[in-house]
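Participant: no sequence for this one, just the structure:
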């Protein structure tokens, strides 16, 4: 089961339940899932708290951010079909340096750290899926580093808004701006240039 850019993590996890051989593990997998509906603007993990759940988003949007002085810098944007947690805090069960919040009313499924650990330790298929999702996360992170290394700010913006997973026009521009390493003013100015270039062609 190879994770690709065309296959969202949530669907991959749900599909994986079909490959669980042990009825006991399958039951535990189903019982470990908790449905949620979280309103827009809710902080799920704050600085100093432990990220206790893995969130599988069916519909909605979330972000993680960190504080730099009085400014908050978006470090991750996720939406429909994605999974999210504060990775270091969740996997090591230590206090978080980041914040996780909802950007839209969000529905989905959550799995606690304890349930996650039992699933990956007791079923080889779930363990393999966890490794594949981690590998894809590392690939995505490497791709993002390349975007920052090789593309100008304007090129980064054009690249981001062209992606199917883009949250452009769904969430405030300043969240996307800090995620792309720029300011809201520069983001707005670059958008005008991008739109003018499109109109010229």
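Facilitator: Received it, and whenever you're ready, just let me know what you need. Bear in mind the structure is a predicted one, so any value in this text is a computation, not a measurement. Numbering: from 1, shown residues only.
Participant: which SSE is the closest residue to residue 157 other than its chain neighbours in?
Facilitator: Closest residue in space to residue 157, ignoring its immediate chain neighbours: residue 190 at 4.9 Å, by Cβ to Cβ, 6 or more residues apart in numbering. Where you see a C-beta, it was placed from the backbone N, CA and C, and this is true even at glycine. Following DSSP states H and E, one finds residue 190 within helix 184-200.
Participant: go on, residue 160?
Facilitator: With secondary structure defined by DSSP H and E, residue 160 is part of helix 153-161.
Participant: quick one, what contacts the most centrally placed residue in the chain?
Facilitator: Among the residues of the chain, the one closest to the centroid is residue 78, at 3.7 Å (Cα atoms, centre = their mean). By Cβ atoms under 8 Å, 6 or more residues apart in numbering, the contact list for residue 78 reads 57, 61-63, 84.
Participant: secondary structure class for residue 58?
Facilitator: Under DSSP: H, G, I helix; E, B strand; the rest coil, residue 58 falls in the strand class.
Participant: before we move on, what about residue 55?
Facilitator: strand.
Participant: hmm, back to that, could you point out which of the contacts of residue 78 is nearest to residue 94?
Facilitator: Among the contacts of residue 78, residue 84 lies closest to residue 94 (Cβ to Cβ), at 17.5 Å.
Participant: surely the closest one meets residue 55?
Facilitator: Yes - Residue 84 is within contact range of residue 55, at 5.2 Å (criterion: Cβ atoms under 8 Å).
Participant: shared neighbours of these two, anything?
Facilitator: 62, 100.
Participant: Show me where this protein has its strands.
Facilitator: Applying DSSP state E to the chain gives strands spanning 34-38, 43-45, 53-59, 61-68, 71-79, 83-84, 99-102, 106-112.
Participant: now these as JSON lines including mean pLDDT and distance to residue 159?
Facilitator: Compiled in JSON lines, the strands of the chain are given as follows (pLDDT from 0 to 100; distance: least, Cβ to Cβ, whole Å):
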{"stretch": "strand 34-38", "mean pLDDT": "96", "distance to residue 159": "30"}
{"stretch": "strand 43-45", "mean pLDDT": "98", "distance to residue 159": "28"}
{"stretch": "strand 53-59", "mean pLDDT": "95", "distance to residue 159": "23"}
{"stretch": "strand 61-68", "mean pLDDT": "97", "distance to residue 159": "18"}
{"stretch": "strand 71-79", "mean pLDDT": "95", "distance to residue 159": "14"}
{"stretch": "strand 83-84", "mean pLDDT": "92", "distance to residue 159": "22"}
{"stretch": "strand 99-102", "mean pLDDT": "98", "distance to residue 159": "25"}
{"stretch": "strand 106-112", "mean pLDDT": "95", "distance to residue 159": "25"}
